[in-house]
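Undergrad: Quick one, what's the 3D model for this:
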Amino acid sequence: MDRYARVLTLHRALKAARYPVPMASLLEDLGCSRATLYRDIAFLRDALGAPVENSGGEMAAFSYAETEGERFELPGLWMNSDELAALLALNALMDRAGPGVLAGALAPLRHRIEQLLSDRSSGRALPIERIRVIPWGERRLDQVVFRQVAGAVLSRQQLRFGYRARTTNAPTRRRVSPQRLTHYRDNWYLDAWDHDRESLRSFAVDRIDDPLVAETTARDVAEVELNEWLASSYGIFAGKPKAWATIRFSEHAARWVADEHWHSQQKGQWLADGRYELQLPYSNARELMMDVLKFGPDAEIVAPLSLREEVKIQLQLALSGYRGES
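TA: Residues are numbered from 1 along each chain as shown. Got it, this is the predicted structure:
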């Protein structure tokens, strides 16, 4: 443990303690010698201004002065190795946000994080390239539209915008009360109360056009109701579950699926022959079928029968495209 980490650990131990911390306990936590501990305490007290008190005697123990200790914090931002790794990962995520929606808005924050990382490194190059983030299926997003939508969510104001759903591609004009922004599979969605349809809806932000923030206060929907309508079924499609799907995966695919999170209410079990059975609720079968079909022969929908037949039809249609010469 380097000196930076020791001083941070020492500060946190003294800050959290209700009683003086014995020297033996500090030596164990810091993994250092008695002389090193005294040097670190002197640095914490003299250089950083910490109100360190020493009980003295053979059984030395250290603490912060009661009143001053409650107010004292280390100057700047101090991080241990785990926190530094998390900050590196956050910086990498923002770096890969692309030239669109988040990159511009978060540029000042990214600059500050890079300064903090530079200060923490003490002149040593930080291995930022060791953290790799690869987006998949990310759609192009208008930065101005995103900021206006996010602003309406945070300011709790109604929002009007043009929308062209991918299912129909028909243009519509919507008046909604924004509830929250959802980031799902590398894309952004607006969960909102649709005033014209009198129900909750999810809108792909990349399909929103010409947003206008109204002065009217947005209607608030309870968190329980939001989750019941928008998060109770599989995938991004809203609505209360209509049925539970049962999917069985081959022994090969089970090695991956058994460790994956598909839905908050999913149920999984290993079968005697090494296969894995997954059960989960769904409202609209489209996304669920896409995710199952990508496993090819390694996945089989067992129930309900209607979903099983629908998948069979999709497979037959796909196979028909491969008949004959290309």
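
Undergrad: could you pull out the helices for the stretch 1-150 of the chain?
TA: 3-16, 23-30, 34-42, 66-71, 81-95, 101-105, 107-121, 143-155 (DSSP state H, counting those that start in this stretch).

Undergrad: worst average pLDDT in those?
TA: The weakest mean pLDDT among the helices of the stretch 1-150 of the chain belongs to helix 101-105, with a mean of 55.

Undergrad: Nearest spatial neighbour of Arg45, chain-adjacent residues omitted?
TA: The spatially closest residue to Arg45, leaving aside those adjacent along the chain, is Val52, at 4.3 Å (Cβ to Cβ, 6 or more residues apart in numbering). Placement of C-beta: from N, CA and C, glycine included.

Undergrad: May I have the phi/psi pair for Lys312?
TA: The phi and psi values for Lys312, taken as degrees, to the nearest 10, are phi -60, psi -40.

Undergrad: Also Asp194?
TA: Backbone torsions for Asp194, taken as degrees, to the nearest 10, come to phi -90, psi 110.

Undergrad: tell me the contacts of the residue nearest to Arg45?
TA: Leu14, Ile41, Leu44, Arg45, Phe62, Ser63, Tyr64 (Cβ atoms under 8 Å, 6 or more residues apart in numbering).

Undergrad: How about the secondary structure of the residue nearest to Val153 when sequence neighbours are not counted?
TA: In space, Val153 comes closest to Pro178 once its chain neighbours are excluded; the distance is 4.3 Å by Cβ to Cβ, 6+ apart. Three-state call for Pro178 (DSSP: H, G, I helix; E, B strand; the rest coil): strand.

Undergrad: Could you count how many residues lie near Pro178?
TA: Using other Cβ atoms under 10 Å, Pro178 is surrounded by 25 other residues.

Undergrad: picking up where we left off before, can I get the buried ones among the contacts of Val52 as something I can paste into ChimeraX?
TA: Typed into ChimeraX, the next command selects the buried ones out of the contacts of Val52 (criterion: 16 or more other Cβ atoms under 10 Å):
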select :14,41,44,62,63,64
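
Undergrad: What are the phi and psi values at Arg18?
TA: The phi/psi pair for Arg18 (degrees, to the nearest 10) reads phi -90, psi -20.

Undergrad: quick one: it from Tyr64, how far?
TA: 11 Å (Cβ to Cβ, to the nearest Å).

Undergrad: Equivalent analysis for Met23, please.
TA: According to Cβ to Cβ, Met23 and Tyr64 sit 15 Å apart.

Undergrad: any low-confidence regions in the stretch 151-300 of the chain?
TA: Along the stretch 151-300 of the chain, the model assigns pLDDT under 70 to no residue.

Undergrad: Please enumerate the strands of it.
TA: 157-164, 171-184, 187-194, 199-204, 208-217, 243-249, 267-270, 276-282, 299-303 (DSSP state E, counting those that start in this stretch).

Undergrad: Just name the most buried of those strands.
TA: Highest mean neighbour count among those (mean count of other Cβ atoms under 10 Å): strand 187-194, with a mean of 22.
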